[in-house]
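> Here is a sequence together with a model predicted from it:
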Amino acid sequence: MKLNELVQQILQKKSYLCVGLDSDPKLIPSKFKTEKDPIFSFNQAVIEATADYAVAYKPNIAFYEALGPKGWETLQKTMEIIPKEIFTIADAKRGDIGNTATKYAQTFFDPSFCGLDFDSITVAPYMGEDSVTPFLAFENKWAILLALTSNPGSLDFQLIKDESGKTFYQNVLEKSQEWGSVENMMYVVGATRTDYLQEVRKFAPNHFLLVPGVGAQGGSLEDVSKYGMNKNVGLLVNSSRGIIYAGEDTFISAKREAKKVQEEMEIYLEKYYEL
Ligand SMILES: O=C(O)c1cc(=O)[nH]c(=O)n1[C@@H]1O[C@H](COP(=O)(O)O)[C@@H](O)[C@H]1O
């Protein structure tokens, strides 16, 4: 998907919501458990309920890989029912030497390999340029680099300063802009790290940010919106558990929660977004 198509969809739906498909056989309502493919049926209910309010879906690949070959089949089937205009993120957090990275890119971007045709993939940039550029070689596909993540362990490395006083995540933002552009690279910044968002925007004013951590992890959607928006809106805010496990009747509860987030986003678009 191209940048302008994503922005257009956000402005049309008045939403920058990404629904995370972290679909866990242990957590889905019992009525799905008797289905032939419980996770697919659950995902189908979530997608049907939320497609009017979401501009992106993010299947977390770990939840599918953990199910073995059946999990891959479920992932493929899920991708087929996501409306074509909605942005898709393979949350796989890959990162390896160049020839291996190319294999990962083919897996998720080139349907002639596994039947998967994601718009983007999350990438751990720790191994540097040659581990990232293979993902950028695919037209209209995106690499979403981990910058400042939402988890407690993010403090272990990401805020370490170099001799010039620049933190590790700031170096990631700065250096990686030599490899890709606002048209094919985004950054992950956790919603639990809004105190750093203004700093992030100094280093990456024009890129899209994927922001997980509202909902179950407690990040503030208003602060993310206030400090994170740019001239393209520039935000995809993910919620997984807060939407998909909000009640026993998945269709009703996921719709309710997604609508609630979208309505809040509409307010923030009016308040903070300037064309
Ligand atoms: O890359 C991610 O998506 C990600 C980065 C990060 O810093 N924190 C984070 O929670 N995530 C993912 O975002 C989702 C958050 O899920 P919930 O906490 O249930 O909304 C999970 O799929 C995480 O793997």
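The structure has been received and is ready for your questions.
> Give me the contacts around stretch 9-19.
Applying Cβ atoms under 8 Å, 6 or more residues apart in numbering, the contact partners of stretch 9-19 are 46-47, 50, 52-58, 85-87, 89, 210, 233, 235-240, 243-244, 254, 258, 261-262, 265-266, 269. The C-beta positions use only the backbone N, C-alpha and C, and glycine is treated the same way.
> Can I have the buried ones of those as a ChimeraX selection?
Buried members of the contacts of stretch 9-19, defined by 16 or more other Cβ atoms under 10 Å, are picked up in ChimeraX with:
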select :46,47,50,53,54,55,56,57,58,86,87,89,210,233,235,236,237,238,239,240,243,244,254,258,261,262,265,269
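> max-length helix in the protein?
As far as residue count goes, and with DSSP state H defining each element, the longest helix of the chain is helix 250-272.
> how distant is that helix from the center of its chain?
Per Cα atoms, centre = their mean, to the nearest Å, the displacement of helix 250-272 from the mean C-alpha position of its chain is 17 Å.
> returning to that earlier point: kindly identify which of the contacts of stretch 9-19 also come near the ligand.
With Cβ under 6 Å from any ligand atom as the criterion, the subset of the contacts of stretch 9-19 in contact with the ligand comprises 238-240.
> Backbone dihedrals for the residue of the chain most remote from its centre, both of them.
In the chain, the residue that sits farthest from the middle, by Cα atoms, centre = their mean, is Glu163; the gap is 32.2 Å. Note on Glu163: its backbone torsions stand at phi -60, psi -20 [degrees, to the nearest 10].
> how far away is it from the ligand?
Distance, Glu163 to the ligand, by Cβ to the nearest ligand atom, to the nearest Å: 27 Å.
> Same check on Thr192?
When distance is defined by Cβ to the nearest ligand atom, Thr192 is 8 Å away from the ligand.
> So for that residue, what's the pLDDT?
Predicted confidence (pLDDT) for Thr192: 91.
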